[in-house]
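Chemist: with the sequence up front, the predicted model follows.
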Amino acid sequence: MKTVLSISILIIIFSFGCSNTTEFTISYTKKPEYILTSKPIIVRSSNTNGNHLKNLIINELKSNGYRVMQDIETTNYLLDLFGSNQVIPLDDFTEILVSMELGSNDETSTDVSKNVKLAYCDYNRQKDICTYSDGTVKHKVTSIKRTGKASIIINNAGKEPVKILFNVTAFASGILPSYTNVAMSNRIQEKVRGKLKKYYLKNIRVLPEFEIDEMAADFINDKLYEAAKIRVMYKETGFKYYYTLGLIEESQKNYSTAKMYYSEGELNTDQFDQKEVFSDSIARIESRNKN
């Protein structure tokens, strides 16, 4: 009895709940413009300063779907004994060799002065409580600059090595400035992302001009897909019915089912703008399905 009552209450909520609409953003990834490699990758640093660059590259490649094989102690030990050609056969692996040369911190100090008005106040006096005079505050501002040169060499068997070289500069300044380690790390990461961007997954965000039911959107965002379906089946008809059901399936990467709803929606509407939304959605699904 309690189960039946609960189901009845849910149906009432789904059927007669608020009918506000909201924008729903579709986010997905596409394959990179260029595939760096389909093989496992080993990243090595040829000097101590390159270790941070190596770790940044490893994290960037992993987050973009590449398989990075990294056993530092074993790899370095074997490399010392046998050399890279025997330990890392490029037919089986892609090797990325990095190095980083960093200059010393270059510090300069500048005298800075600022005119101020000074006040002396005696509140025991009946009048002219405060007297004023002009003054100057002086201090030093220290600026720190550090430069570096980075090298990234990508070795694939049967292909010419890909060489990526870049310079990087980091600054810090203030009365008591922090040193440039954090700023340098940020600059290096920005450079790496820029240089390797064509090998990265493309993050796509689509914001269709049509809004969907707000409750259904909340369910989709919370991954409550079955609840979203029930809501749509009770609340929507026509264009929004097919479109929202397609979004629900697309959010779950059920591309064939999503395409079915988008295709049915395209067939069942005569409005050009709605047909265009469905055709764009079908094209997006076909593109995602190839990834």
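Modeler: Cool, got the structure.

Chemist: from the chain's centroid, how far away is stretch 233-250?
Modeler: Centre-to-centre, stretch 233-250 and its host chain are 30 Å apart (Cα atoms, centre = their mean, to the nearest Å).

Chemist: tell me who's in contact with C130.
Modeler: By Cβ atoms under 8 Å, 6 or more residues apart in numbering, C130 lies in contact with A119, Y120, C121, D122. Every C-beta, even on glycine, is put in place using the N, C-alpha and C of the backbone.

Chemist: let's see it at 10 Å
Modeler: Counting by Cβ atoms under 10 Å, 6 or more residues apart in numbering, C130 touches A119, Y120, C121, D122, Y123.

Chemist: go through these and name the one nearest S178.
Modeler: The closest of the contacts of C130 to S178 turns out to be A119 (Cβ to Cβ; 33.9 Å).

Chemist: what about that closest one, is that helix, strand or coil?
Modeler: Here A119 takes the strand state, with states given by DSSP: H, G, I helix; E, B strand; the rest coil.

Chemist: ok, it - how many residues close by?
Modeler: 10 (other Cβ atoms under 10 Å).

Chemist: thought it was touching D134?
Modeler: No - under the contact definition of Cβ atoms under 10 Å, A119 does not touch D134, with a separation of 11.0 Å.

Chemist: can you pull the pLDDT of the spatially most distant residue from the centre of the chain?
Modeler: The centre of the chain is farthest from one residue, Q126, which by Cα atoms, centre = their mean lies 64.9 Å away. pLDDT for Q126: 83.

Chemist: swap in I12?
Modeler: Residue-level pLDDT assigned to I12 equals 46.

Chemist: likewise T75?
Modeler: T75 is given a pLDDT of 55.

Chemist: ditto for G50
Modeler: 91.

Chemist: now do the contacts for it.
Modeler: Counting by Cβ under 10 Å, 6+ apart, G50 has contacts V43, R44, I57, L97, V98, S99, M100, E101, L102, A150, S151, I152.

Chemist: before we move on, what about S104?
Modeler: Counting by Cβ under 10 Å, 6+ apart, S104 has contacts R146, T147.

Chemist: S45: how many residues sit nearby?
Modeler: Taking other Cβ under 10 Å as the definition, S45 ends up with a neighbour count of 20.

Chemist: pretty sure it is touching E95, no?
Modeler: No - contact criterion Cβ under 10 Å: S45 and E95 do not qualify, at 11.8 Å.

Chemist: give the helix, strand or coil label for the closest residue to N49 other than its chain neighbours.
Modeler: Nearest residue to N49, sequence neighbours excluded (Cβ to Cβ, 6 or more residues apart in numbering): M100, at 4.1 Å. State at M100, reduced to three classes by three-state DSSP: strand.

Chemist: wait, M100 sits on N47?
Modeler: Yes - in terms of Cβ under 10 Å, M100 counts as a neighbour of N47; the distance is 6.8 Å.

Chemist: find the residues that touch each one of these two.
Modeler: L53, S151.

Chemist: coming back round to it: enumerate every residue touching the residue nearest to N49.
Modeler: Contacts of M100 (Cβ under 10 Å, 6+ apart): 45-54, 148-152, 168, 184, 188.

Chemist: again, only using 8 Å
Modeler: S45, N47, N49, G50, H52, L53, G148, K149, A150, S151, I188.

Chemist: tell me where the stretch 51-200 of the chain has strands.
Modeler: For the stretch 51-200 of the chain, the strands defined by DSSP state E, counting those that start in this stretch occupy 94-102, 106-121, 130-155, 162-174.

Chemist: tell me which of the ones you listed sits most buried.
Modeler: strand 94-102 (a mean of 21; mean count of other Cβ atoms under 10 Å).
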